[in-house]
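K.L.:
Pasted the sequence and its predicted model underneath.
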Amino acid sequence: MKLGLVVDLDTCVGCHGCATACKQWNTSGTIGPLSDKDPYGRDPNGAWLNRIRTYEVDDSPNSKTVNMPMSCMHCDNAACVTVCPTGASYKREEDGIVLVDQDKCMGCNLCSWACPYGARELDPQQGTMKKCTLCVDRIYDEKLPEDERKPACVMTCPTKSRVFGDFDDPDSEVSQLVRERAGKQLMPELGYNPVNTYLPPRNKPVVETYDVSSVKNTVKKWVNKVIAR
Amino acid sequence: MHPAFSVLVFTVMSGAGYGLITLMVIAHMSGLAQLQDSSTLLSGGILAFLLISGGLLSSTLHLANPKNAWRSFSRFRTSWLSREAVFAVLFYPFLLLYLFGIYSQGTELNGFFQLMGTVAAILAMVTLFCTSMIYASLKTIRQWNSALTPMNYLALGLMSGSLLLAAVQGIVAGDLNGTLQNAALGLVVLGSVTKLIYLFWIGKPQGSTIQTATGFTQASVRLLDQGHTSNSFLNDEFGYTVEANKLLRLRGGMLLLAFVLPFILLMLNSAALTLIAALLAIGGLLVERWLFFAEARHVVRLYHGDQRT
Ligand code: SF4
Ligand code: SF4
Ligand code: SF4
């Protein structure tokens, strides 16, 4: 099994709902707490496992706003694991999830240096490394109803822009989406082979801008001109 | 990259200590006349011991959770940081036995103690190499991900070690030795050449861009919003930015302090000035290490709006 997420850049509206749901679930999950420094003060700073950035792609009139949520990509070739001196970081054989054993981490930051995607953040209170767990404490929880055995971010997304599944299974929803929508890996040239895949925005016609001319508008323009004098 | 002061001190001090002990063992074993003196050898050995131990202690200061530091010996097979920790500890018994041999037998060591000294010298270089590979192995930082990084660490460690060795010998014996002085001069030249090659090499644009980072490789991409209103761990650790003209001034100061001044002082043939040269070079190398971090740009900066690294 190779578990991971597909993120649809066409439909993501950048609401930050997934990041908030992630923080809420994981602060009391297996790697919790997810602490903040100075949370209500002037300069708050805390550990988040998922962040959303917004870009403008291409130039006007072809430009498009793209919201890009990023959490751990559970890379096939995860250098964050090999650089870890304590063995705290590991990748699970059975499903490819990359985790940090909070009891072993010494807070050296080296794994965060090795991660190209900014997926690892040091917990300012615990002094240990935190990262996306792919909600390992939800997806296998048999006490949850079957359709809720999904990551918190996937459950909460109002536009269903995040899809969870097994990339090794060619018939899974994620594999089909990647095939049909030409899913992309980020920064493939570094060779980490990230599992999470991004679906590029669909091509849409350029929005045309033109003057609406009607009798009413022409009269209005004339009146405005006269008044302006 | 944010330069952590404890890491700068660690790499410069332990580099000088490892360079010093390696060169001292080589000079001692090859029978250099001025080093066949146990008080010189013991002074050099103790200085190296203090520099290395001080450096290693300082390196633990940047750990956020040092109570787990003992676990860092456990991933020798994959992690350069783990290898560094293992070799750094393994080095100590050999160094101490070698120094004990000099203390008890004088400079004419028997085969066993000679072996201890040789192994200590080799482990010193291996440890320094492992330190440099921690940085050189990171594909995420193009300014580090190169064979020039280990070359710099080894050359600069040996250079500062050679200045210290010449100073210690000159002060203990009261008279500067020509061979050690020439070795130090040669290593200062070697160090400055490797550093200059490095500076030219990192100036060449290459590597990932904001296009490959976001996957939009056929259009321009601009950051509109980082998504948070105050700084995060990522900003603090990777967002460190210094103005270009300040970097240039610091580069100039570093080259002067670490290479040019020590070279001139060494030429003046005085033990006291050689000591000053060694101290200036170590100060210069602290600036060099600071720049090594400040000029390194991690690819995560592309997601925060940098167009290229
Ligand atoms: S995204 Fe970063 S933290 Fe996650 S597996 Fe890849 S390298 Fe490791
Ligand atoms: S911060 Fe923790 S998990 Fe990361 S490399 Fe260091 S010990 Fe390993
Ligand atoms: S899978 Fe879970 S831990 Fe990972 S980003 Fe989503 S909510 Fe957070």
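P.N.:
Sure, I can see it. Ligands and ions are numbered 1, 2, ... in the order given.

K.L.:
Residue A:11 is in contact with residue A:160, correct?
P.N.:
Yes - with contacts counted by CB atoms under 8 Å, residue A:160 reaches residue A:11, the gap being 7.2 Å. Where you see a C-beta, it was placed from the backbone N, CA and C, and this is true even at glycine.

K.L.:
ok, the two, which is more surrounded?
P.N.:
Shown here are residue A:160 and residue A:11; by other CB atoms under 10 Å in any protein chain shown, residue A:11 has more neighbours (16 against 10).

K.L.:
Dihedrals phi and psi, that one?
P.N.:
Torsion angles at residue A:11 (phi, psi; degrees, to the nearest 10) stand at phi -110, psi -10.

K.L.:
residue ranges for the strands of chain B, please.
P.N.:
Taking DSSP state E, the strands of chain B run over residues B:221-225.

K.L.:
Look through it and state the residue closest to ligand 1.
P.N.:
residue B:140 (8.6 Å; CB to the nearest ligand atom).

K.L.:
what ranges do the helices span in the stretch 151-300 of chain B?
P.N.:
Ranges of helices in the stretch 151-300 of chain B, per DSSP state H, counting those that start in this stretch, are B:178-202, B:210-214, B:233-238, B:244-255, B:261-267, B:271-294, B:300-303.

K.L.:
Output the lengthiest helix in chain A as CSV - backbone C-alpha positions only.
P.N.:
As assigned by DSSP state H, the longest helix anywhere in chain A is helix A:215-228. Extracted C-alpha coordinates of helix A:215-228, given in CSV (Å, rounded to 0.1, in the frame of the first residue of the first chain):
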residue,chain,number,x,y,z
VAL,A,215,-29.2,53.1,-24.8
LYS,A,216,-29.4,53.5,-21.0
ASN,A,217,-25.6,53.5,-20.6
THR,A,218,-25.1,56.0,-23.3
VAL,A,219,-27.6,58.4,-21.8
LYS,A,220,-26.0,57.9,-18.4
LYS,A,221,-22.5,58.7,-19.8
TRP,A,222,-23.9,61.9,-21.4
VAL,A,223,-25.6,63.0,-18.2
ASN,A,224,-22.4,62.3,-16.2
LYS,A,225,-20.3,64.4,-18.7
VAL,A,226,-22.7,67.3,-18.4
ILE,A,227,-22.7,67.2,-14.6
ALA,A,228,-19.0,66.9,-14.5
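
K.L.:
my guess is residue A:164 meets residue A:149, correct?
P.N.:
No - the criterion here is CB under 8 Å, and residue A:164 misses it with residue A:149 at 9.2 Å.

K.L.:
which intervals of the stretch 51-200 of chain B have sub-threshold pLDDT?
P.N.:
Applying pLDDT under 70 to the stretch 51-200 of chain B flags no residue at all.

K.L.:
switch to 90 and redo it
P.N.:
Flagging of the stretch 51-200 of chain B using pLDDT under 90 yields the residue ranges B:61-62, B:105-109, B:173-178.

K.L.:
Please list the residues outside stretch B:34-50 that contact it.
P.N.:
Applying CB atoms under 8 Å, 6 or more residues apart in numbering or on different chains, the external contacts of stretch B:34-50 come out as B:17-18, B:20-21, B:24, B:27-28, B:95, B:98-99, B:102-103, B:106-107, B:161, B:164-165, B:168-169, B:172-173, B:177, B:179-180.

K.L.:
cool, and stretch B:216-233?
P.N.:
A:16, A:19, A:43-48, A:51-59, A:62, A:65-66, A:112, A:121-122, A:124, A:200, B:210-211, B:214, B:235, B:239, B:303-305.

K.L.:
Kindly tell me how buried residue 23 is, as a neighbour count.
P.N.:
Using chain A. Neighbourhood size, residue A:23 [other CB under 10 Å]: 18.

K.L.:
hmm, I had chain B in mind actually
P.N.:
Residues near residue B:23, counting by other CB under 10 Å, number 27.

K.L.:
Residue B:106 now?
P.N.:
Residues lying near residue B:106 (other CB under 10 Å) number 12.

K.L.:
Excluding sequence neighbours, find me the nearest residue to it.
P.N.:
Using CB to CB, 6 or more residues apart in numbering or on different chains and skipping residues adjacent in sequence, the residue nearest residue B:106 is residue B:38, 5.2 Å away.

K.L.:
Next, the contact list for residue A:98, please.
P.N.:
Counting by CB under 8 Å, 6+ apart, residue A:98 makes contact with A:72, A:74-75, A:78, A:80-81, A:89-92, A:131.

K.L.:
Ramachandran angles for the residue of chain B closest to ligand 1?
P.N.:
Main-chain dihedrals, residue B:140, degrees, to the nearest 10: phi -80, psi -10.

K.L.:
Take the contacts of stretch B:216-233 and keep only those in strands.
P.N.:
When strands are assigned by DSSP E, the members of the contacts of stretch B:216-233 inside them are A:45-46, A:51-57, A:65-66, A:121-122.

K.L.:
Buried among those? Make that a ChimeraX selection.
P.N.:
Buried subset of the ones in strands among the contacts of stretch B:216-233, written as a ChimeraX selection, criterion 16 or more other CB atoms under 10 Å in any protein chain shown:
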select /A:45,46,51,52,53,54,55,56,57,66,121,122
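
K.L.:
Output those of the ones in strands among the contacts of stretch B:216-233 also counted as contacts of chain B.
P.N.:
When CB under 8 Å from any CB of the partner chain is applied, the members of those adjacent to chain B are A:45-46, A:51-57, A:65-66, A:121-122.

K.L.:
Show the contacting residues for residue A:165.
P.N.:
Residues in contact with residue A:165 (CB under 8 Å, 6+ apart) are A:3-4, A:6, A:172-175.

K.L.:
Just to be sure, it is in a helix?
P.N.:
No - looking at residue A:165 with DSSP: H, G, I helix; E, B strand; the rest coil, it is strand, so not inside a helix.

K.L.:
Next one, pLDDT for it please.
P.N.:
On pLDDT, residue A:165 comes in at 96.

K.L.:
if we can go back for a sec, from the contacts of residue A:98, which ones fall inside helices?
P.N.:
A:80-81.

K.L.:
Now restrict the contacts of residue A:98 to buried residues only.
P.N.:
Burial by neighbour count, 16+ other CB under 10 Å: within the contacts of residue A:98 this picks out A:72, A:74-75, A:78, A:80-81, A:89, A:91, A:131.

K.L.:
on that earlier part again, now a ChimeraX select for only the buried ones of the contacts of residue A:165.
P.N.:
Here is the ChimeraX selection string for the buried members of the contacts of residue A:165, based on 16+ other CB under 10 Å:
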select /A:3,4,6,172,174,175
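
K.L.:
what's the closest of the contacts of residue A:165 to residue A:97?
P.N.:
Taking CB to CB as the measure, residue A:3 is the one of these closest to residue A:97, at 6.1 Å.

K.L.:
do you know how far the closest one is from residue A:76?
P.N.:
12 Å (CB to CB, to the nearest Å).

K.L.:
Now do the helices in chain A.
P.N.:
Along chain A, the stretches classed as helices by DSSP H are A:17-26, A:79-82, A:110-114, A:136-139, A:152-156, A:173-180, A:215-228.
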